[in-house]
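Novice: From the sequence below, what's the structure:
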Amino acid sequence: MGKFDKYSIDLKGMKENHAHYEFLLDNDFFAAIDSPEFQKGRVNVTLDVKKTAQAFEVNFVSEGTVVVLCDRCLDEMDQEVSTKDKIFVKFGATYADEGDNLIVVPEEEGVINVAWIVFEFIALAIPMKHVHAPGKCNKTMSGKLNKYLRTKADDEDEELEAMDDEMDEGNDSMETDPVADEKPIDPRWNELKKLKLS
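Specialist: Below is the predicted model:
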């Protein structure tokens, strides 16, 4: 038995026009998926399959938490996820993802495995930015970050003044010829200026 076999839905063998499934996705599931986004969590998934004349309508509801890394301190944090999604499945000659949430499965098999589909829905439900609540970040890392963050507007002004002073000192030590610094103007610019003025 494969590690994702229990997430296979036998559409061809449906005896009624409606079927209901429930799954608990735990650390073992996320570790088996082996995705770089996250590998821990506990998410309850309910799945309702409705058979129609043209296709099967599959509705997913996922609720729970996954463990992601905090963008600020890089420690693990719980991220709540809640999502409702829908796909349509129809039978065909070979497996195909036709976009617009339409998936074709071989009619001979009549089975769709929803493990990766559910994982993708959960991954898409996670916000782009995930940080701990205020005061919950790793204190050591927060201390190091604060050391390098500019906290006052005056800090930047002082840095700029120091840089200006250094440049002035460097300029004083170099002799400059103002005439040598002037570059001749490309004559093509003069012709373009005439076009602009006319």
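
Novice: okay, CA-based contacts and neighbour counts for the rest of this
Specialist: Fine.

Novice: Pull the residues that contact the longest strand seen in the chain.
Specialist: Ranked by residue count, the top strand of the chain under DSSP state E comes out as strand 76-92. Here strand 76-92 makes contact (Cα atoms under 8 Å, 6 or more residues apart in numbering) with 54-70, 101-107, 110, 121-122, 125-126, 130-132.

Novice: center of this structure - which residue?
Specialist: When Cα atoms, centre = their mean is applied to the chain, the residue found nearest the centroid is Met128 (5.0 Å).

Novice: measure it to Glu37 for me?
Specialist: Remark: distance between Met128 and Glu37 (Cα to Cα, to the nearest Å) = 11 Å.

Novice: now do Ile126
Specialist: The separation that Ile126 has from Glu37, given Cα to Cα, amounts to 10 Å.

Novice: In terms of neighbours, single out the busier of those two.
Specialist: Each of Ile126 and Glu37 had its neighbours counted (other Cα atoms under 10 Å), and the higher figure belongs to Ile126 (18 against 12).

Novice: neighbours of the closest residue to the more buried one other than its chain neighbours, just the number please.
Specialist: Closest residue to Ile126 apart from its sequence neighbours, by Cα to Cα, 6 or more residues apart in numbering: Val81 at 6.4 Å. Residues near Val81, counting by other Cα under 10 Å, number 19.

Novice: what does Asn44 give?
Specialist: Residues near Asn44, counting by other Cα under 10 Å: 15.

Novice: Could you pull up phi and psi at the residue nearest to the centre of the chain?
Specialist: Backbone torsions of Met128, given as degrees, to the nearest 10, read phi -60, psi -40.

Novice: That one and Tyr21, how far apart?
Specialist: To Tyr21, Met128 is 30 Å away according to Cα to Cα.

Novice: same question, Asp10
Specialist: With Cα to Cα as the criterion, Asp10 and Tyr21 are 11 Å apart.

Novice: now do Glu76
Specialist: Going from Glu76 to Tyr21 by Cα to Cα gives 31 Å.

Novice: The two: which has the busier surroundings?
Specialist: Glu76 (18 against 12).

Novice: How about the more buried one: which residues does it bridge to?
Specialist: Glu76 forms beta bridges with Leu69, as assigned by DSSP bridges.

Novice: pLDDT at it, what is it?
Specialist: In this prediction, Glu76 carries a pLDDT score of 91.

Novice: Leaving out sequence neighbours, find the closest residue to His20.
Specialist: Once flanking residues are discounted, His20 sits nearest to Asp48: 4.6 Å by Cα to Cα, 6+ apart.

Novice: Please, which helix or strand holds Asn59?
Specialist: Assignment of secondary structure by DSSP states H and E places Asn59 within strand 56-69.

Novice: Contacts for that strand next, please.
Specialist: Here strand 56-69 has contacts from 11, 37-51, 75-90, 118, 122, 130, using Cα under 8 Å, 6+ apart.

Novice: by how many degrees do that strand and strand 76-92 diverge?
Specialist: Here strand 56-69 runs at an angle of 160 degrees relative to strand 76-92 (axes from the mean of the first three to the mean of the last three Cα atoms, to 10 degrees).
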